[in-house]
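> I would like the atomic coordinates for the input below:
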Amino acid sequence: MDCFSKPLGKDVKCPQRPKRECKDAHFENCAPISGSGNRDVNVIFDVEPNSLHVTAAGTIENFSDQSFNVRFERENSAPIIILVAPHSSITFVYDNLIRIATTGTAPERTYNGSLKIQLHYTFERVCKKY
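This next block holds a predicted model:
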């Protein structure tokens, strides 16, 4: 059947367009984080594929005497880098998050803390109905 060359009307039987459905998933976790030095990157959260839509809310706590940087990478945006001072914390909410990484601020110094995170994933799939 050639649905594209015939005029629209009651007599033309074309397949229905695919329906888009979104499925949601939620995830929570609390995990320790640590690292040393100011050159090594410690990836503590990563999304693959990057087309997966993730909204994240969480807290990163620093239990050590050493500051560290947290780098948030979002889809199609410049990275956001926040310094977490010793014995302090940051709270965040970001959409389209693809990666969280930490780096120390001084050579040969160790930092440790925790990541508490809640994630909301949206999966989009196309269902064909003929």
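> wait, T110 sits on I33?
No. Judged on CB atoms under 8 Å, T110 makes no contact with I33 at a distance of 11.5 Å. Just so you know, the C-beta spots here come from the backbone N, C-alpha and C atoms, and that holds for glycine as well.
> how about low-confidence regions in the protein?
1-21, 49-51, 124-130 (pLDDT under 70).
> Just want the most central residue of it.
Centroid check for the chain by CA atoms, centre = their mean gives L97 as the closest residue, at 2.9 Å.
> List the residues that contact that residue.
45, 47, 54-56, 72-75 (CB atoms under 8 Å, 6 or more residues apart in numbering).
> Closest one of those to T91?
For these, the closest approach to T91 (CB to CB) belongs to A56, at 11.2 Å.
> List the residues that contact that closest one.
Per CB under 8 Å, 6+ apart, neighbours of A56: 45, 92-94, 97, 100, 117-120.
> partner residues bridging G104?
In this structure, G104 bridges to F68 when assessed by DSSP bridges.
> ok so, going back, looking only at neighbour counts, state which of T110 and I33 leads.
Between T110 and I33, counting by other CB atoms under 10 Å, I33 is the more crowded of the two (20 against 14).
> Now do the strands in this structure.
Along the chain, the stretches classed as strands by DSSP state E are 19-36, 42-46, 53-62, 68-74, 80-84, 89-95, 97-104, 110-127.
> my guess is A57 contacts L115, does it?
No. Assessed by CB under 8 Å, A57 is found out of contact with L115, at 11.8 Å.
> Any buried residues in stretch 54-69, and which?
Buried positions in stretch 54-69, judged by neighbour count with 16 or more other CB atoms under 10 Å: 54, 56, 58, 60-62, 64, 66-69.
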